[in-house]
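S.K.: below is the sequence, then the predicted model.
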Amino acid sequence: MRTKKDITAILKQIRQRVSNLEINWHKGLNKFQLLVGTVLSARTKDANTEKAVKALFRIYKSPEDLAKAPISEIQKAIKPVGFYKTKAKYIKELSRILVQKYGGEVPGDRKKLLELPGVGPKVSAIVLAFGFHKPIIPVDTHVHRISNRIGLVNTKSPEETERALMAVIPKSYWLELNELFVLFGQNVCLPRKPRCSECPISQYCDYYGNLQKL
């Protein structure tokens, strides 16, 4: 288990390493756009998510618009993302539910979010964190992988990781942790062949320590 001092040092080093990088696709989006964009982002590069989000919301401005839109037109707008046909069904149906059950508003309740098509723990957490500014740590594959690699947690699933991180990470870092780790995971701590020689936190890393023993 990492000490509080080590955890703070790790987070500061990661923040410094990615300080000149940012995730752009969700900047300036309202709650509904953020929800839809996060559904679209699954298994998709950020650049392609950004293209799809811009194309979609250039045409459709609200849940009401998307609920009435032909599925073929939604597919055309979001074609840059992976699994676009499935995601088109998700966002049309979740838009219909938002209109019928919530007056076109995105609920700020996790249980209600999880009932929407295409919305899992990661999507709901991102909407609550960045849309509603609620204290929560969204966990995706990068956050899950890095947290385990560097010994912050020892977990098997993203859901476990979320709970474990909230127990050890200072609350002041919760809202930015996802973006820090995503950028770090995309540029340094890669899923395969991580760039350990460039890593500012290798001294704390269990993965790197095990490599040195080989």
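M.R.: That came in fine, so what should we check first?

S.K.: neighbouring contacts of the helix or strand containing Gly209?
M.R.: For Gly209, the host element (DSSP states H and E) is helix 206-212. Outside of helix 206-212, the residues within contact range by CB atoms under 8 Å, 6 or more residues apart in numbering are 149-151, 194, 196, 199, 202. (Each C-beta comes from the backbone N, C-alpha and C, glycine too.)

S.K.: repeat that for stretch 121-128.
M.R.: Against stretch 121-128 from outside (CB under 8 Å, 6+ apart): 26, 31, 34-35, 38-39, 42, 106, 108, 110, 113-114, 134, 136-140, 158-159, 162, 178.

S.K.: can you turn the buried part of those residues into a ChimeraX selection?
M.R.: With 16 or more other CB atoms under 10 Å as the criterion, this ChimeraX line picks the buried residues out of the contacts of stretch 121-128:
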select :26,31,34,35,38,39,42,106,110,113,136,137,138,139,140,158,162,178
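
S.K.: where in the chain is pLDDT low?
M.R.: Residues of the chain that meet the criterion pLDDT under 70 lie in 214.

S.K.: tell me the domain ranges of it?
M.R.: Listed domain ranges for the chain are 4-21+137-212, 31-131 (source: automatic domain parsing).

S.K.: is it true that His133 touches Leu175?
M.R.: Yes. Contact criterion CB atoms under 8 Å: His133 and Leu175 qualify, at 7.1 Å.

S.K.: which of those two has more neighbours?
M.R.: Leu175 (16 against 10; other CB atoms under 10 Å).

S.K.: host element of the more buried one?
M.R.: Going by DSSP H and E, Leu175 is part of helix 174-187.
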